[in-house]
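Novice: Quick one, what's the 3D model for this:
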Amino acid sequence: MRVFISYARERSDLANAVALKLKKAGFGTFLDTEDLPAGASYDDRIRSAVEQCELFLFLVSPESVAPGSYALSELEFAKQRWPHPDERVLPVIAEETPMGTVPPYLRDVTLLAPAGDVAAESVAALVRLRDLRKSRQRRQFTMLGLVVAVIALTTALVWSQFVPEGETYGLLRFQDLRALKAEEGFADEGDIYDVKVRIHNDGETAVVLDDIDAECEHPRLSLTHHPGVYYPETVPIAPGESKAWGFQVRIYDNAKSRFLRDDEVTDPISWRLTWLEQENKRVTEWRPWSTGGRFEPAVAVAIDRRVRYRATHVVAGAREGFFAALTEPPGIVALTDEGEVSGDELGLPAEVSALSRTGGVLLAATSHPAVVHVLDATTLEITKQHPFGPQHVRTKRTLTELSFVPESIAGTESTIWVATKDSETTEPAIYYRKSGDTEWTLPEYVDGFDVRPYQLRLYAFQDRVLGIEATLQPTTIFLFGESEVQEFEGHDHELISTSHDLAVMESGDLRLFSYDNELVQLGVADTGFTRVAGWRTSIQEMHSRDSWQDQLVARAGDQLVAAFSATITEGNKPVRLQLSSFSADGKERELLDADNLIATSLAATERAVLVVTKNANGQRQAFVIAEPYG
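Specialist: Coordinates of the predicted model:
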């Protein structure tokens with residue numbers, strides 16, 4: 001099997017190292033430095049070389065994805081040969097590169113982010129791809145003679161949305177296996193379908209399912225795995241345990257060389273689920289393909305691709321819809337509850353580091369340059385700009401040791417508050433600016449370092465601002481005023497000791513998550529908090545010696561959405577994301593439980609949830625969950 005290696009000249013040493021290891025592993029390779037045939041034009045020779053290769057390795061670096069890079073021309077030749085890169089193209093992050101600059105064709109498959117030896121891990125991944133393709137070729141050859149008979153048989157079968165008793169395979173019982181359309185495709189990209197199943201382990205030993213996929217029997221069509229954002233690749237199931245699992249696929253027409261929309265799938269298709277169980281290949285029975293309907297309890301729908309990989313911060317609109325701060329290039333855009341772009345994108349000179357909405361006003365803070373932009377939330381027009389830095393602060397002291405990188409922002413009717421990040425050389429601080437002021441004010445209680453507001457999330461509370469520590473434990477909640485501050489430390493107020501985010505309800509009460517992830521509603525008094533109500537949740541505790549549990553909370557009316565993320569402390573690697581919604585009376589609905597994923601920003605309306613996630617490779621992706629409250 002022959003591999004084409006595409007790279008920028010700056011990474012030629014790595015490309016040669018990969019080629020050497022590939023040859024030792026039994027691969028043929030193509031490097032343009034040594035393998036170009038004589039004659040014809042350079043482009044024609046490169047195109048011919050791509051056509052003669054079975055696999056395409058793209059070494060991702062800032063230079064290889066830069067406009068004008070010849071590696072992008074090579075990638076275009078690969079795209080012409082394989083309209084979808086799945087199982088053909090392997091992108092490898094050779095050097096840290098902004099994800100927004102990586103071509104969408106490469107982002108359609110999982111980017112390999114080596115933890116150690118780039119060349120060795122690249123070759124190991126290509127060996128897995130080679131073995132997978134050989135396995136599927138053998139399987140296709142074996143089944144070819146049965147295709148016509150199977151397709152004729154499936155036309156007489158009736159699709160069942162639910163199999164009460166389930167189907168048993170070894171120690172496992174599969175229940176409610178189905179495939180339903182999840183997302184309309186763009187142009188020729190085809191519609192996306194969710195495949196979902198509930199798996200029961202009826203045995204006495206733990207079972208691990210890996211490499212779960214779907215395949216179909218058809219002379220022209222195939223099911224192609226589409227990388228989803230919310231299901232794990234490996235599923236461990238303990239004895240007696242039951243787990244819901246799923247992923248996404250698209251239907252590819254080999255004759256038309258493109259993916260199909262739902263209304264284009266007119267032939268009957270027979271499909272089945274495949275997986276590795278304790279390294280042994282297993283399959284379910286063949287079943288007729290059926291679409292239509294929707295999943296419960298929730299469907300995660302990818303949003304407009306102009307926003308999907310660029311969103312960094314999100315907030316909800318006043319009644320419906322969302323606002324998203326974007327990167328590469330920086331800007332802000334309005335979205336509908338369905339995740340569609342509404343109106344034009346507003347460009348900004350720098351990336352937004354903090355975003356909030358107060359009534360009809362949107363507040364967006366940037367750090368380089370440090371400016372607070374005040375926007376009309378209806379028109380998305382900038383109405384005011386407040387420079388933010390040492391020369392713009394009213395104080396008697398030297399400010400070089402204080403930070404001016406905004407981390408959180410909130411506004412009351414007359415005042416804007418900004419909390420800043422700390423660094424190795426600067427201390428965090430909190431500043432405010434009243435309507436009509438020409439400068440920011442550093443409160444005296446911060447000026448004297450009596451209060452050290454570390455990694456705060458700010459929320460308007462009556463005519464003041466609440467701040468809750470996002471990472472320290474036990475937590476401290478601050479109630480900031482212009483001349484004084486109240487501190488409620490977790491040491492003294494056990495109900496808040498493990499909280500890292502909160503929601504201010506219309507009643508003036510707070511809702512947050514207490515110890516054991518219990519949802520509690522608290523009244524606020526000068527001396528502390530009073531417990532109004534509490535509800536047990538299904539959210540599992542994920543804090544340990546080696547990992548950290550973060551919380552994000554978003555309110556929509558009297559309903560709540562919460563995201564719990566676990567991250568390994570060393571390396572800041574995402575471990576698990578749990579997402580649930582809560583009605584006014586505390587009734588919970590589980591929306592999402594995903595491995596190797598965390599939530600970095602969260603917003604909710606009465607009809608939808610918008611969440612920004614990050615995976616283990618550092619890739620961000622935003623998606624919408626519709627009708628989240630049940």
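Novice: could you pull out the helices for this protein?
Specialist: Assigned by DSSP state H, the helices in the chain fall at 12-24, 42-51, 70-81, 104-107, 118-143, 147-154, 305-308, 444-447.
Novice: Any buried residues in the third one, and which?
Specialist: Buried residues in helix 70-81, counted by 16 or more other Cβ atoms under 10 Å: Tyr70, Ala71, Leu72, Glu74, Leu75, Phe77, Ala78, Lys79, Arg81. Glycine gets a C-beta too; all of them are placed from N, C-alpha and C.
Novice: got a list of contacts for that helix?
Specialist: For helix 70-81, contacts defined as Cβ atoms under 8 Å, 6 or more residues apart in numbering pick out 4, 6-8, 43, 46-47, 50-51, 56, 58-59, 63-65, 85, 88-89, 103, 105-106.
Novice: Apply 6 Å and report the result again.
Specialist: Contact with helix 70-81 is made by Ser6, Ala8, Ile46, Arg47, Val50, Glu51, Phe56, Ser64, Val89, Tyr105, as judged by Cβ atoms under 6 Å, 6 or more residues apart in numbering.
Novice: cool, and stretch 430-441?
Specialist: Applying Cβ under 6 Å, 6+ apart, the external contacts of stretch 430-441 come out as His392, Val393, Arg394, Ser414, Thr415, Ile416, Trp417, Val418, Ala419, Leu442, Val446, Pro453.
Novice: Could you work out the most separated pair of those residues?
Specialist: Spanning the widest gap among these are Ser414 and Pro453, at 20.9 Å by Cβ to Cβ.
Novice: Which one's more surrounded, the two?
Specialist: When neighbours are counted by other Cβ atoms under 10 Å, Pro453 comes out ahead of the other of Ser414 and Pro453, with 25 against 11.
Novice: how near is Arg128 to Trp275?
Specialist: 16 Å (Cβ to Cβ, to the nearest Å).
Novice: what about those two, which has more around it?
Specialist: Taking other Cβ under 10 Å, Arg128 and Trp275 do not tie; Trp275 has more neighbours (22 against 12).
Novice: how many other residues sit next to the closest residue to that one other than its chain neighbours?
Specialist: Nearest residue to Trp275, sequence neighbours excluded (Cβ to Cβ, 6 or more residues apart in numbering): Ile212, at 4.3 Å. Counted with other Cβ under 10 Å, the neighbours of Ile212 add up to 23.
Novice: nearest to Ala566, of the buried residues of helix 70-81?
Specialist: Set against Ala566, the nearest of these by Cβ to Cβ is Leu75 (35.4 Å).
Novice: those strands in the stretch 401-550 of the chain, which residues are they?
Specialist: Assigned by DSSP state E, counting those that start in this stretch, the stretch 401-550 of the chain shows strands spanning 406-411, 415-420, 430-434, 440-441, 456-461, 464-469, 476-480, 485-489, 502-504, 510-513, 519-525, 528-535, 547-556.
Novice: weakest of the ones you listed by average pLDDT?
Specialist: Among those, strand 547-556 has the lowest mean pLDDT, at a mean of 82.
Novice: residues in contact with it?
Specialist: Strand 547-556 is contacted from outside by 500-503, 513, 542-543, 561-569, 575, 599, 602-606, using Cβ under 6 Å, 6+ apart.
Novice: For Met99, give its distance to Glu328.
Specialist: Met99 sits 8 Å away from Glu328, going by Cβ to Cβ.
Novice: Looking at those two, which has the bigger crowd around it?
Specialist: Each of Met99 and Glu328 has its neighbours counted (other Cβ under 10 Å); Met99 has more, 20 against 13.
Novice: OK, contacts around that one?
Specialist: For Met99, the contacting residues are Gln619, by Cβ under 6 Å, 6+ apart.
Novice: Check it and give its pLDDT.
Specialist: Looking at Met99, the pLDDT reads 80.
Novice: Relative to His84, how far out is it?
Specialist: Per Cβ to Cβ, Met99 is found 20 Å from His84.
Novice: Output the contacts of helix 70-81 in CSV; the columns should cover distance to His493, pLDDT and neighbour count.
Specialist: Shown next, in CSV, are those (distance: Cβ to Cβ, whole Å; pLDDT from 0 to 100; neighbours: other Cβ atoms under 10 Å):
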residue, distance to His493, pLDDT, neighbour count
Ser6, 58, 93, 27
Ala8, 55, 91, 22
Ile46, 66, 86, 20
Arg47, 68, 84, 19
Val50, 64, 87, 21
Glu51, 68, 83, 12
Phe56, 58, 92, 23
Ser64, 53, 93, 26
Val89, 54, 91, 23
Tyr105, 52, 86, 19
